[in-house]
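Turn this into a structure:
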Amino acid sequence: MNEKTSRGGLQGGTRQSNFELFRIIVMLLVIAHHYVVNSGIAAAGGPIFADPMAPRSLYLLLWGGWGKTGINCFVLLSGYFMCEKSITLRKFLKLLCEFMFYRIAITAVFWLTGYEKITPAGIIDVLIPVTELSDGFAGAYLVFFLFIPFLNILIRNLTERQHVRLLALTAFMYVFLGTFRPVFSVTMNYVSWFAVLFLLASWIRLYPKKFFDGAKRWGLIAGACILVSAASVVLCSWVSARIGKTYYYVAVTDCNTLLAVCTGTALFLFFRNLRIRPNRLINAVAATTFGVFCIHTCSDAMRRWLWQDTLKNIEFYSRPTIYLHIICAVIAVFAVCAVIDALRIRFLEKPFFRALDKRLPGAVSRWQKFEDRIFSDGNAGNE
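Numbering: from 1, shown residues only. Presented below is the predicted three-dimensional model:
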């Protein structure tokens with residue numbers, strides 16, 4: 001086993017439970033973020049807005065402050081592993097089919113039950129996978145996934161010095177300027193930001209350093225970053241209470257803010273160095289995390305049905321049980337969505353791809369021959 005493989009932690013191509021546990025924890029934090037920001041509980045005019053410094057307000061805001069950090073964690077995981085792997089059509093189709101299945105199926109349920117009205121615009125919207133790149137993780141991630149083969153060509157042809165210089169340049173543009181947005185104006189879209197995270201993760205993977213090692217070291221750094229991020233939420237809540245604004249998450253509100261990047265990177269390196277024996281249950285549950293995300297964020301109607309009509313977050317805010325409600329709601333959403341996705345994998349995805357695998361190589365071969373004719377003819381004409 002070479003140094004990159006041993007330090008990176010790939011063991012015979014099997015899933016590592018330290019990274020898989022990381023996926024699960026991060027998804028729970030993302031759900032907690034959605035509990036707060038997608039329910040209206042922290043919106044202008046919502047119950048938190050009325051008194052941001054109330055103990056229950058701060059409690060909820062602190063639970064919900066890690067959504068953008070979580071997105072960084074997921075993309076760092078992808079970059080870390082994908083920088084040394086080939087991206088196949090099959091891998092992309094698995095992601096696309098999973099995303100579209102939930103998008104169409106859940107919307108159809110809402111239409112058939114009358115929860116949401118069917119409109120021509122709604123039909124078109126549900127059938128188009130990606131309509132927004134500046135927001136919406138799942139759709140943007142699908143587009144980013146198609147860029148990975150080209151990013152791999154780039155990083156394989158860079159020296160480490162060039163790699164670090166490119167990373168520093170893009171980090172300055174997105175992180176430094178993006179963090180001080182009152183002074184600088186930086187328009188970010190997820191796809192280009194994911195490429196920056198890919199550069200960071202691939203540098204960690206391809207050029208191992210002693211500094212990247214040590215679970216204790218990175219646990220302490222991650223803990224410090226979490227404390228600073230939490231303090232920023234409290235401070236911004238205090239400012240929000242004074243000026244009547246919803247600035248609770250201004251220091252961690254976007255993926256490219258300094259605190260979201262530092263916390264996500266430190267957490268990633270902590271779990272990278274964490275030693276956990278292979279655990280089938282952890283690995284099986286972690287395999288559903290993208291499905292969990294797709295299910296509970298598939299549409300505005302889903303967010304309204306889940307957080308407002310079913311779990312009644314705003315109604316529970318005024319009850320003493322609110323402190324327990326967010327914990328139970330987050331775990332329940334994750335558990336139910338994970339079971340649903342496990343069933344989808346078992347009864348839909350696996351049979352579908354068994355059938356597709358018989359036809360996909362032939363289709364790919366025909367497409368490659370078609371491309372060969374086009375590009376060979378074009379080259380001949382240019383010579």
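
the helices in the stretch 151-300 of the chain, which residues?
160-171, 177-179, 190-206, 215-243, 258-273, 280-286, 289-296, 300-303 (DSSP state H, counting those that start in this stretch).

Pull the contacting residues for residue 188.
134, 174, 178, 254-256 (C-beta atoms under 8 Å, 6 or more residues apart in numbering). Quick note: C-beta positions are derived from backbone N, CA and C, even for glycine.

Just give me the least confident of those.
For those, the minimum pLDDT belongs to residue 134; the value there is 78.

ok, so of the contacts of residue 188, who is nearest residue 281?
Checking the contacts of residue 188 against residue 281 with C-beta to C-beta, the nearest one is residue 255 at 30.0 Å.

Which element, helix or strand, includes the residue lying closest to residue 132 once chain neighbours are set aside?
Leaving aside its chain neighbours, residue 132 sits nearest to residue 139 (6.5 Å; criterion: C-beta to C-beta, 6 or more residues apart in numbering). Using DSSP states H and E, residue 139 falls within helix 137-156.

What of residue 340?
If you go by DSSP H and E, residue 340 is part of helix 322-344.

And that helix, what's buried?
Neighbour counts using 16 or more other C-beta atoms under 10 Å place 322, 325-326, 329-330, 333-334, 337-338, 341, 344 of helix 322-344 among the buried residues.

Can I get those residues in CSV including distance to residue 111 and pLDDT?
Converted to CSV, the buried residues of helix 322-344 look like this (distance: C-beta to C-beta, whole Å; pLDDT from 0 to 100):
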residue, distance to residue 111, pLDDT
322, 33, 98
325, 30, 98
326, 30, 98
329, 26, 98
330, 28, 98
333, 22, 98
334, 26, 98
337, 21, 98
338, 25, 98
341, 22, 98
344, 20, 98
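
per-residue pLDDT, the residue lying closest to residue 170 once chain neighbours are set aside?
Distance criterion C-beta to C-beta, 6+ apart; nearest residue to residue 170, sequence neighbours excluded, is residue 196 at 4.6 Å. With respect to pLDDT, residue 196 scores 97.

show me what contacts residue 196?
So residue 196 contacts 167, 170-171, 174, 256 (C-beta under 8 Å, 6+ apart).

If we use 10 Å, what do you get?
Counting by C-beta atoms under 10 Å, 6 or more residues apart in numbering, residue 196 makes contact with 72, 75, 79, 166-167, 169-171, 173-175, 188, 255-256, 261.

Tell me which helix or strand comes right after the helix holding residue 340.
Heading C-terminal from helix 322-344 (DSSP H and E), you reach helix 350-382.

Between helix 350-382 and the helix holding residue 340, find me the angle.
For helix 322-344 against helix 350-382, the angle by axes from the mean of the first three to the mean of the last three C-alpha atoms, to 10 degrees is 70 degrees.

so how far is helix 322-344 from its chain's centroid?
17 Å (C-alpha atoms, centre = their mean, to the nearest Å).

So which residues lie in contact with stretch 235-242, not counting its own?
Residues contacting stretch 235-242 (C-beta under 10 Å, 6+ apart): 42, 48-54, 57-58, 61-62, 65, 245-253.

What remains of these if I keep only buried residues?
42, 48-49, 52, 57-58, 61-62, 65, 246-253.

and stretch 274-281, which residues are buried?
274, 279.

what about that stretch, how long is it end to end?
18 Å (C-alpha to C-alpha, to the nearest Å).

State the mean pLDDT of that stretch.
On average, stretch 274-281 scores 96.

now that stretch: how far from the chain's centre is it?
Distance, centroid of stretch 274-281 to centroid of chain: 22 Å (C-alpha atoms, centre = their mean).

what do you get for stretch 121-137?
For stretch 121-137, the distance to the chain centre is 17 Å (C-alpha atoms, centre = their mean).

who are the neighbours in contact with residue 92?
Contacts of residue 92 by C-beta under 10 Å, 6+ apart are 142, 145-146, 148.

pLDDT value on it, please?
96.

measure it to residue 54 for me?
The spacing between residue 92 and residue 54, counted by C-beta to C-beta, to the nearest Å, is 46 Å.

got any ranges where the stretch 151-300 of the chain has weak pLDDT?
Per-residue confidence for the stretch 151-300 of the chain (pLDDT under 70) gives these ranges: 182.

what's the spacing between the residue most central in space within the chain and residue 310?
For the chain, the residue nearest the mean C-alpha position is residue 71 (3.4 Å; C-alpha atoms, centre = their mean). In this view, residue 71 and residue 310 are 25 Å apart by C-beta to C-beta.

Quick check, residue 332 in contact with residue 292.
No: with contact defined as C-beta atoms under 10 Å, residue 332 does not reach residue 292; the gap is 11.8 Å.

Common neighbours of these two, please.
residue 31.

Show the pLDDT at the residue nearest to the centre of the chain.
Confidence score, pLDDT, at residue 71: 97.

Next: the one 10 residues further on.
The confidence metric pLDDT takes the value 96 at residue 81.

do residue 328 as well
98.

related to what we said a few turns ago, ok, so of the contacts of residue 92, who is nearest residue 87?
residue 148 (5.0 Å).

what's the burial count for that closest one?
21 (other C-beta atoms under 10 Å).

do the one 10 residues further on as well
The local packing of residue 158 (other C-beta under 10 Å) involves 18 other residues.

Quick one: residues contacting it.
164-167, 199, 202-203, 206.

Show me which of those residues are buried.
Counted by 16+ other C-beta under 10 Å, the contacts of residue 158 give 166-167, 199, 202-203, 206 as buried.

Return the member of the residues you listed nearest to residue 125.
Nearest member of those to residue 125, counting by C-beta to C-beta, is residue 199, at 32.7 Å.

Residue 159 versus residue 92, what's the distance?
30 Å.

Correction: the previous question concerned residue 376.
32 Å.

Could you do residue 220 as well?
On the measure of C-beta to C-beta, residue 220 and residue 159 end up 32 Å apart.
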